[in-house]
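**Student:** structure for the following, please:
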Amino acid sequence: MRPDFRRGLPALSLAAGLTLIAGAAHAQTIWPGDFTSRLEALALLQSLNADLLSHDSATATLTRWCGDHHLAPEAKIIALQEPGDAPADAVVLQALKAGPQTPVRHRRVKLACGDRVLSEADNWYLPGRLTPEMNRTLDATTTPFGAVVRALNFQRRTLSASLLFDPLPAGWDLSPPPTSAGAVTVPHQVIQHRAILTAAGEPFSYVIETYTDKVLPDRPVR
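**Tutor:** Coordinates of the predicted model:
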């Protein structure tokens, strides 16, 4: 039976955790619409994407990103577990080199820094390749997966990386920059990665990570 995600909030009250999730789900990010600000948004997203691609731990990358861009009073990532379960399909099983009888667990989380949900992730992992303590920590705490399995000295192999949002208007390179600033409503999903984590050459985790509009720092819209 999948553990109740509420058990994963020892340092965060249930009410605060639910408020955080609800606020992140409904508050849209509004970005200045002038050409320079649009270029800044694109540069930020490309920088984050490149940073994620060049490091093995998405958790560590998000922690740095949160601190560097002052997204929260403390640059600390927590994993808010969500209820529900998604069985591993044939693609996941093949990527993990797992047979039909191999135990595979699924963990769906929102990775938050302060009150901002920066990423939503689905993770299928092989508990048999983790230590018992690692499995207990994943079941019962808000510690992100990458932090829990750090001792495995894992490596990340990216399968795909997509920018889901282009702040620049269509045809921007063929016409003069817009003179009217206005505002841009940033979609909830801005970057998506699929990756496999390996330790000693063997895969143990398949992740789909979707990064949200909250990775962008706040900018005033005039």
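**Student:** CA only for contacts and neighbour counts going forward, please
**Tutor:** Noted.
**Student:** wait, V117 touches K214, no?
**Tutor:** Yes - with contacts counted by C-alpha atoms under 8 Å, V117 reaches K214, the gap being 6.4 Å.
**Student:** quick one: least confident helix or strand in this structure?
**Tutor:** Lowest mean confidence among the helices and strands of the chain (mean pLDDT, DSSP states H and E): helix 14-26, at a mean of 52.
**Student:** after that one comes which helix or strand?
**Tutor:** Note on helix 14-26: by DSSP states H and E, the next helix or strand toward the C-terminus is strand 29-32.
**Student:** strands paired with that following strand, and their directions?
**Tutor:** Note on strand 29-32: by DSSP bridges, its sheet partners are strand 183-186 (antiparallel).
**Student:** pull the residues that contact the helix or strand just after the strand it pairs with.
**Tutor:** Next along the chain after strand 183-186, taking DSSP H and E as the criterion, comes strand 189-199. Outside strand 189-199, the residues within contact range by C-alpha atoms under 8 Å, 6 or more residues apart in numbering are 45, 49, 95-96, 152-165, 203-213.
**Student:** again, 7 Å this time
**Tutor:** The contact list for strand 189-199, computed with C-alpha atoms under 7 Å, 6 or more residues apart in numbering, reads 152-165, 203-213.
**Student:** give me the buried subset of the residues you listed.
**Tutor:** For the contacts of strand 189-199, a burial check counting by 16 or more other C-alpha atoms under 10 Å picks out 154-158, 161, 164-165, 203-213.
**Student:** I'd say C66 and A75 touch.
**Tutor:** Yes - here C66 lies in contact with A75, judged by C-alpha atoms under 7 Å, at a distance of 5.4 Å.
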